[in-house]
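S.K.: The following block contains a protein sequence and its predicted model.
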Amino acid sequence: MLRETLVFLSRNKTARKVVTHARFARSASRRFVAGETVDEGIAAAHKLNEQGLAVSIDYLGESVQSREDARAAADVMIRVLDRIVAEKLDANISIKLTQMGQDIDTTFLRENVARLLDRARAADIFVRFDMESSDYVQKTLDFFRALWTDGYHNIGIVLQSYMLRSEADATMASELGARVRLCKGAYVEPATVAYQDKPDVDRNYIALTKLLVEHGTYPGIATHDPKMIDATCQFAKEHDIAKDRFEFQMLYGVRRDLQQALVKNGYHVRVYVPFGEAWYPYLMRRMAERPANMFFIVNNVIRESPLGRLSGHHNGRGA
């Protein structure tokens, strides 16, 4: 029930207006969002690289309805690409196709994304297509396949273990040699397309991880769940799969202790670094994914409020 409520609030315009204008909420969001500008996103990437962590930079936003806004979003990511090259960052980028014009027109989407992909390919930078709700899965995969067929091999996709179809999609990507980021899924979906119970989602996550680690091309195992991480490491060890054949991926500000522990153990870890003014829906979905994130934010809001300062309220590092 909590998860469904948080996902609903992520889409609610009134709630978004209230929260985004609350100073304490904006401050608390900085745990999970690098900032609102390109400079802030790049600065966060530098700090993570210094800690031995690779990054994937994402400009927050989705469901763009105008060509002007979609072009502007692509322009921002081209600026990010140029900064990655100029500042020699260990980084790639992630984009949402609905931010690039997927809801407007397929031809326009292709033109808008291609100019970004061309710049990325020239710089040998990888571009990940984030996956959104089930309404967009087939559209996203069709678009990806068309680009792949046309020679854009610096691209990859995201698959969600709660989707019933993901095994077939993971097999398809492995046969192509395309890179996959595997996550559990953050949208509320019906039983006709998605597993509803956590144990089923977890079982499918482990099964897909094994498929991708053994047969895929440098998959990103995106999880903060120690059970999923342990299962991945154990499977790789049992099948003599080198640590450089895959990477773990985690969200900015989440389980930083685990990120560092994996790096110390010789695993490659990539941190998903979001920035931009559209941080509210992203933040709500992160709380829906992991309730501990919500408690961390609430705790920080209280601590930074006048009431919290008067009471001397304090907390530890949190989730």
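M.R.: Structure received. Numbering: from 1, shown residues only.
S.K.: could you dump the longest helix along the chain to PDB, C-alpha only?
M.R.: Looking across the chain with DSSP state H, the single longest helix is helix 67-86. Extracted C-alpha coordinates of helix 67-86, given in PDB (Å, rounded to 0.1, in the frame of the first residue of the first chain):
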ATOM      1  CA  ARG A  67       9.700  19.200 -29.700                       C
ATOM      2  CA  GLU A  68      11.300  22.200 -28.200                       C
ATOM      3  CA  ASP A  69      11.600  20.600 -24.700                       C
ATOM      4  CA  ALA A  70      12.800  17.300 -26.200                       C
ATOM      5  CA  ARG A  71      15.500  19.100 -28.200                       C
ATOM      6  CA  ALA A  72      16.500  21.000 -25.100                       C
ATOM      7  CA  ALA A  73      16.900  17.800 -23.100                       C
ATOM      8  CA  ALA A  74      19.100  16.300 -25.800                       C
ATOM      9  CA  ASP A  75      21.100  19.500 -25.900                       C
ATOM     10  CA  VAL A  76      21.700  19.200 -22.100                       C
ATOM     11  CA  MET A  77      23.000  15.600 -22.500                       C
ATOM     12  CA  ILE A  78      25.300  16.600 -25.400                       C
ATOM     13  CA  ARG A  79      26.800  19.200 -23.000                       C
ATOM     14  CA  VAL A  80      27.200  16.400 -20.500                       C
ATOM     15  CA  LEU A  81      29.000  14.300 -23.200                       C
ATOM     16  CA  ASP A  82      31.300  17.100 -24.000                       C
ATOM     17  CA  ARG A  83      32.200  17.600 -20.300                       C
ATOM     18  CA  ILE A  84      32.900  13.900 -19.900                       C
ATOM     19  CA  VAL A  85      35.300  14.000 -22.700                       C
ATOM     20  CA  ALA A  86      37.000  17.300 -21.800                       C
END
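S.K.: distance between the ends of stretch 89-99?
M.R.: The first and final residues of stretch 89-99 sit 24 Å from each other (CA to CA, to the nearest Å).
S.K.: Excluding its own residues, what touches that stretch? List them.
M.R.: Identification of contacts with stretch 89-99 by CB atoms under 8 Å, 6 or more residues apart in numbering yields 42, 45-46, 49, 54-59, 61-64, 70, 73, 77, 80-81, 83-84, 109, 113, 116, 120, 125-130, 132, 136, 139-140, 143, 272. All C-beta atoms are positioned from the backbone trio N, CA, C, and that covers glycine.
S.K.: Just the buried ones from those?
M.R.: Buried residues within the contacts of stretch 89-99, defined by neighbour count using 16 or more other CB atoms under 10 Å: 42, 45, 49, 54-59, 61-62, 64, 70, 73, 77, 80-81, 83-84, 109, 113, 116, 120, 125-130, 132, 136, 139-140, 143, 272.
S.K.: Show me what the longest helix of the chain packs onto, helices and strands only.
M.R.: When contacts are defined as 3 or more CB pairs under 8 Å, 6 or more residues apart in numbering; DSSP states H and E, helix 67-86 packs onto helix 38-50, strand 54-59, strand 91-95, helix 106-122.
S.K.: List the buried residues of the longest one.
M.R.: Okay, so that is helix 106-122. 109-110, 112-113, 116-117, 119-121.
S.K.: Format the helices and strands packed on helix 67-86 as CSV; extra columns: distance to residue 218 and mean pLDDT.
M.R.: Below are these laid out as CSV (distance: least, CB to CB, whole Å; pLDDT from 0 to 100):
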stretch, distance to residue 218, mean pLDDT
helix 38-50, 19, 98
strand 54-59, 12, 98
strand 91-95, 11, 98
helix 106-122, 17, 98
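S.K.: distance of the closest residue to residue 143 other than its chain neighbours from residue 43?
M.R.: Counting by CB to CB, 6 or more residues apart in numbering, residue 143 lies nearest to residue 97, which is 6.5 Å off, once chain neighbours are set aside. Separation of residue 97 from residue 43 (CB to CB, to the nearest Å) stands at 27 Å.
S.K.: between those two, who's got more neighbours?
M.R.: Higher neighbour count among residue 97 and residue 43: residue 97, with 23 against 15, using other CB atoms under 10 Å.
S.K.: give me phi/psi at that one?
M.R.: Main-chain torsions, residue 97, degrees, to the nearest 10: phi -70, psi -30.
S.K.: From residue 108, how far out is it?
M.R.: Relative to residue 108, and taking CB to CB, residue 97 is found at 12 Å.
S.K.: Low-confidence regions, the stretch 151-300 of the chain specifically.
M.R.: 279, 284-300 (pLDDT under 70).
S.K.: Going by residue numbers, what spans are strands in it?
M.R.: Applying DSSP state E, counting those that start in this stretch to the stretch 151-300 of the chain gives strands spanning 155-160, 179-183, 220-222, 247-251, 269-275.
S.K.: Output those in TSV, with distance to residue 33 appended to each entry.
M.R.: Formatted as TSV, the strands of the stretch 151-300 of the chain follow (distance: least, CB to CB, whole Å):
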stretch	distance to residue 33
strand 155-160	19
strand 179-183	18
strand 220-222	17
strand 247-251	10
strand 269-275	5
